[in-house]
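In: Could you look at this predicted model? Sequence included:
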Amino acid sequence: MDTHTKELELEAVGPATRSEGAPVGSAGNTTAEASGCHGGTELSKASARAAGNDALMDRYENDYPKGPHDQPQSMCPAFGSLRVGLRMRRVATILSGSACCVYGLTFTSHFYGAKRSVGYVPFNSETLVTGKLYEDIVEAVHKMADPAKFDAVIVTNLCVPTASGVPLQMLPKQIDGVRIVGIDVPGFGVPTHAEAKDVLSGAMLAYARQEAMDGPVLPPRDGLNDKPTVTLVGEMFPADPVVIGGMLEPMGLAAGPTVPVREWRELYAALDCAAVAGIHPFYTSAFREFKAAGRKIVGSAPIGLEGTDAWLSAIGEACGVAADRINISRNAMYGAISAALDGNRINGRITLSGYEGSELLVGRLLKELGADLRYVGTACPKTPYSAADAEWLEAHGVEVRFRASLEQDLAAFEEFEPDLAIGTTPVVQKAKEKATPALYFTNLISARPLMGPAGTGSLPGMIATAIANKDRFLKMQDFFEGVGQGDTAGIWQDVPEDKSGYRAKYARTVQKSHNAVDNGESVGC
């Protein structure tokens with residue numbers, strides 16, 4: 001039954017009615033519903049642990065470490081795992097969480113191009129604490145598990161069900177041949193939406209790895225490759241895997257599937273590789289599955305001149321390729337990228353920040369292109385697979401911040417006074433308010449080819465054009481100076497009056513009240 005707007009294609013697939021005796025991880029935990037993303041991180045974690053989710057919380061704290069502060073400012077992390085599932089062929093998605101959260105997640109997903117219905121299991125306080133919510137999820141899974149339509153159904157617990165201990169691990173592993181994959185993606189356990197992509201990717205790889213161990217599995221839709229393959233981990237511009245495949249060919253290798261995958265059967269091909277390229281370094285859960293399958297992980301990426309050369313050497317060694325064949329590819333790329341660097345230069349001071357996981361790679365490329373790069377901030381954590389990139393940047397005088405907060409990104413902008421700020425939406429907004437050209441990292445930088453010679457030529461023109469807009473920003477700042485700020489904010493029919501006197505009078509009244517309270521005096525209404 002559809003209980004929400006058709007525009008969002010949000011379908012309620014489980015009733016919220018009373019039932020007794022169902023499994024309940026929280027043992028009637030009544031504080032869980034008051035926690036979630038608005039009730040405080042520590043309360044939510046405590047609720048989840050009290051509900052029997054100690055192992056889950058321990059794993060997330062280990063896989064996705066916080067700090068130096070609590071966690072970056074980010075959209076709901078479940079957006080990341082939701083998008084991964086919605087982009088997969090023959091995969092259905094069911095969300096279990098507060099209605100406001102589900103509405104926001106589906107709205108954002110459709111805004112970003114999703115054209116598929118999302119299942120939703122509603123609940124109330126009673127169904128949550130009695131365990132009826134779990135029964136409703138089971139009913140929803142059976143309703144959705146149609147082998148004619150789906151290979152898998154992904155069920156995702158949001159904050160409140162996770163804090164309440166709704167036990168998705170008890171769901172059947174398959175129904176009529178349709179795989180059932182349950183994951184928990186609470187905002188108090190998974191710091192960013194980028195890492196939530198890893199939560200789902202790791203869960204699916206674990207399921208697929210067990211299937212492959214149990215017996216024959218389906219080959220890729222386009223058939224098996226006759227060369228050893230390198231699985232690519234991390235979302236990239238569509239041309240990048242093609243470019244990487246061209247680099248690998250002289251070594252007798254081929255580019256394998258890209259994780260997150262677009263179809264379930266690609267998981268088997270991803271696992272059946274010669275080595276894994278950790279293009280984005282934060283896929284900790286996915287890397288764990290590849291290691292369990294006996295695959296080597298190679299960090300960094302074929303980015304810029306030095307990065308490409310080092311990466312080709314590491315990939316060739318990991319795949320057991322002879323040195324002379326590795327050198328053929330290295331020499332070809334060295335010549336092509338050197339020529340591209342000579343013809344493409346960036347002049348200007350830049351600060352860079354983002355939350356996709358490729359910030360350090362882009363930083364390396366900008367630096368080799370000649371940019372005066374002062375700062376790179378990423379919302380993602382430091383991992384062994386980002387160490388080489390961080391060390392390279394720091395050796396070239398760039399400040400690197402992992403788990404960077406908005407405050408740190410803005411402080412870097414203020415300190416270094418760049419000619420161009422590349423960053424998240426609030427950083428771009430702040431820069432433009434200061435009449436500084438700025439580019440949104442996600443839509444304008446990471447959504448471009450970055451690897452090999454193609455990457456060397458993709459950024460300079462756009463960045464030069466942006467920096468050249470400085471005079472336009474100064475003219476606009478001068479023209480609009482004072483408009484839309486303070487007493488002039490809003491829409492006016494006439495010239496707004498100066499209300500600063502009222503504000504000063506009100507401030508004195510408030511201060512007088514505070515002083516009276518501090519001195520123990522009685523204050524009337």
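Out: Sure, I can see it.

In: can you give me the strands for the stretch 51-200 of the chain?
Out: 91-96, 118-120, 152-157, 174-175, 178-184 (DSSP state E, counting those that start in this stretch).

In: Mind putting the ones you listed into a markdown table with mean pLDDT and distance to K143?
Out: For every residue, glycine as well, the C-beta is placed using N, CA and C. Listed next are the strands of the stretch 51-200 of the chain as a markdown table, based on pLDDT from 0 to 100; distance: least, Cβ to Cβ, whole Å:
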| stretch | mean pLDDT | distance to K143 |
| --- | --- | --- |
| strand 91-96 | 96 | 9 |
| strand 118-120 | 93 | 8 |
| strand 152-157 | 96 | 10 |
| strand 174-175 | 96 | 10 |
| strand 178-184 | 97 | 11 |
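
In: Columns mean neighbour count and distance to G423 on top of those strands, output as CSV?
Out: Putting the strands of the stretch 51-200 of the chain into CSV (neighbours: other Cβ atoms under 10 Å; distance: least, Cβ to Cβ, whole Å) gives the following:
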stretch, mean neighbour count, distance to G423
strand 91-96, 25, 30
strand 118-120, 24, 30
strand 152-157, 26, 29
strand 174-175, 18, 44
strand 178-184, 23, 30
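
In: pLDDT below threshold where in the stretch 51-200 of the chain?
Out: Filtered on pLDDT under 70, the stretch 51-200 of the chain yields the residue ranges 68-73.

In: can you pull out the helices in it?
Out: 54-63, 78-86, 99-111, 125-130, 132-144, 159-164, 193-214 (DSSP state H, counting those that start in this stretch).

In: how about the third one: buried residues?
Out: Right, helix 99-111. Burial within helix 99-111, assessed by neighbour count using 16 or more other Cβ atoms under 10 Å, is assigned to C101, V102, L105, T106, T108, S109, H110.

In: which pair in those residues spans the largest distance?
Out: By the measure Cβ to Cβ, C101 and H110 form the most distant pair in those, at 15.1 Å.

In: hang on, the earlier thing: now for the helices of the stretch 51-200 of the chain, which one comes closest to D487?
Out: Nearest to D487 among the helices of the stretch 51-200 of the chain is helix 99-111 (33.1 Å), distances taken as Cβ to Cβ.

In: now the angle between strand 152-157 and the closest one, please.
Out: Interaxial angle of helix 99-111 relative to strand 152-157 (axes from the mean of the first three to the mean of the last three Cα atoms, to 10 degrees): 140 degrees.

In: Could you work out the end-to-end span of stretch 220-234 for me?
Out: 19 Å (Cα to Cα, to the nearest Å).

In: give the contact list for the residue nearest the centre of the chain.
Out: By Cα atoms, centre = their mean, the mean C-alpha position of the chain lies nearest to A194, the distance being 1.5 Å. Going by Cβ atoms under 8 Å, 6 or more residues apart in numbering, A194 touches G80, H280, F282, Y355, E356, G357, A379, C380.

In: Any idea how many residues pack against A340?
Out: Neighbours of A340 under the rule other Cβ atoms under 10 Å: 20.

In: Would it be right to say that it lies in a helix?
Out: Yes. A340: assigned to a helix according to DSSP: H, G, I helix; E, B strand; the rest coil.

In: do you know which of the helices of the stretch 51-200 of the chain lies nearest R295?
Out: Between R295 and these, the tightest spacing by Cβ to Cβ is seen for helix 193-214, at 10.5 Å.

In: next SSE after that closest one?
Out: Downstream of helix 193-214, the first helix or strand assigned by DSSP states H and E is strand 229-233.

In: on contacts alone, who are the packing partners of that following strand?
Out: Applying 3 or more Cβ pairs under 8 Å, 6 or more residues apart in numbering; DSSP states H and E, one finds that strand 229-233 contacts helix 239-248, strand 254-259, helix 266-271, strand 275-277, helix 284-292.

In: Next up, the contacts around the spatially closest residue to A196 that is not a sequence neighbour.
Out: Distances taken as Cβ to Cβ, 6 or more residues apart in numbering put G80 closest to A196, at 3.5 Å, once the chain neighbours are dropped. Applying Cβ under 8 Å, 6+ apart, we find G80 in contact with V185, T192, H193, A194, E195, A196, K197, L200.

In: In this structure the first one contacts N157, no?
Out: Yes. The pair formed by V185 and N157 meets the contact definition of Cβ atoms under 8 Å, at 7.1 Å.

In: Could I get the full set of helices for the stretch 351-500 of the chain?
Out: In the stretch 351-500 of the chain, the helices defined using DSSP H, counting those that start in this stretch lie at 359-368, 387-395, 406-416, 425-433, 452-458, 460-467, 470-479, 500-518.

In: can you pull the buried residues of the second one?
Out: By 16+ other Cβ under 10 Å, the buried positions in helix 387-395 come out as A388, D389, A390, W392, L393.

In: what comes into contact with it?
Out: Contact with helix 387-395 is made by 281, 299-300, 306-307, 310, 360-361, 363-364, 367, 373, 376, 382, 400, 402, as judged by Cβ under 8 Å, 6+ apart.

In: State the mean pLDDT of the helix or strand M333 falls within.
Out: Secondary structure from DSSP H and E places M333 in helix 323-343. For helix 323-343, mean pLDDT rounds to 94.

In: Off-centre distance for it?
Out: 32 Å (Cα atoms, centre = their mean, to the nearest Å).

In: With stretch 278-286 instead?
Out: Here stretch 278-286 is found 11 Å from its chain centre; the criterion is Cα atoms, centre = their mean.

In: now stretch 44-61
Out: For stretch 44-61, the distance to the chain centre is 22 Å (Cα atoms, centre = their mean).

In: list the buried ones in that stretch?
Out: Quick answer for stretch 44-61 (16+ other Cβ under 10 Å): 44-53, 56-57, 59-60.

In: then that stretch to PDB, C-alphas only?
Out: Taking Å, rounded to 0.1, in the frame of the first residue of the first chain, the C-alpha atoms of stretch 44-61 are listed here in PDB:
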ATOM      1  CA  SER A  44      22.300   6.500  20.700                       C
ATOM      2  CA  LYS A  45      25.500   4.500  21.100                       C
ATOM      3  CA  ALA A  46      24.600   3.500  24.600                       C
ATOM      4  CA  SER A  47      21.100   2.500  23.500                       C
ATOM      5  CA  ALA A  48      22.500   0.400  20.700                       C
ATOM      6  CA  ARG A  49      24.900  -1.400  23.000                       C
ATOM      7  CA  ALA A  50      22.200  -2.000  25.600                       C
ATOM      8  CA  ALA A  51      20.100  -3.500  22.800                       C
ATOM      9  CA  GLY A  52      22.800  -6.000  22.000                       C
ATOM     10  CA  ASN A  53      24.600  -4.200  19.200                       C
ATOM     11  CA  ASP A  54      28.000  -4.200  21.000                       C
ATOM     12  CA  ALA A  55      29.800  -6.000  18.100                       C
ATOM     13  CA  LEU A  56      28.300  -3.700  15.500                       C
ATOM     14  CA  MET A  57      29.400  -0.600  17.400                       C
ATOM     15  CA  ASP A  58      32.900  -2.000  18.000                       C
ATOM     16  CA  ARG A  59      33.300  -2.800  14.300                       C
ATOM     17  CA  TYR A  60      32.200   0.600  13.200                       C
ATOM     18  CA  GLU A  61      34.500   2.400  15.700                       C
END
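
In: Below-threshold pLDDT in the stretch 351-500 of the chain: ranges please.
Out: Scanning the stretch 351-500 of the chain for pLDDT under 70 picks out the ranges 482, 484.

In: Repeat the analysis, applying 80 as the threshold.
Out: Residues of the stretch 351-500 of the chain meeting the criterion pLDDT under 80: 477-478, 480-500.

In: so what does the helix holding M333 touch, helix or strand wise?
Out: helix 239-248, helix 304-318, helix 452-458.

In: Save these as JSON lines, and put in mean neighbour count and distance to E263 too.
Out: Shown next, in JSON lines, are the helices and strands packed on helix 323-343 (neighbours: other Cβ under 10 Å; distance: least, Cβ to Cβ, whole Å):
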{"stretch": "helix 239-248", "mean neighbour count": "20", "distance to E263": "15"}
{"stretch": "helix 304-318", "mean neighbour count": "21", "distance to E263": "25"}
{"stretch": "helix 452-458", "mean neighbour count": "22", "distance to E263": "26"}
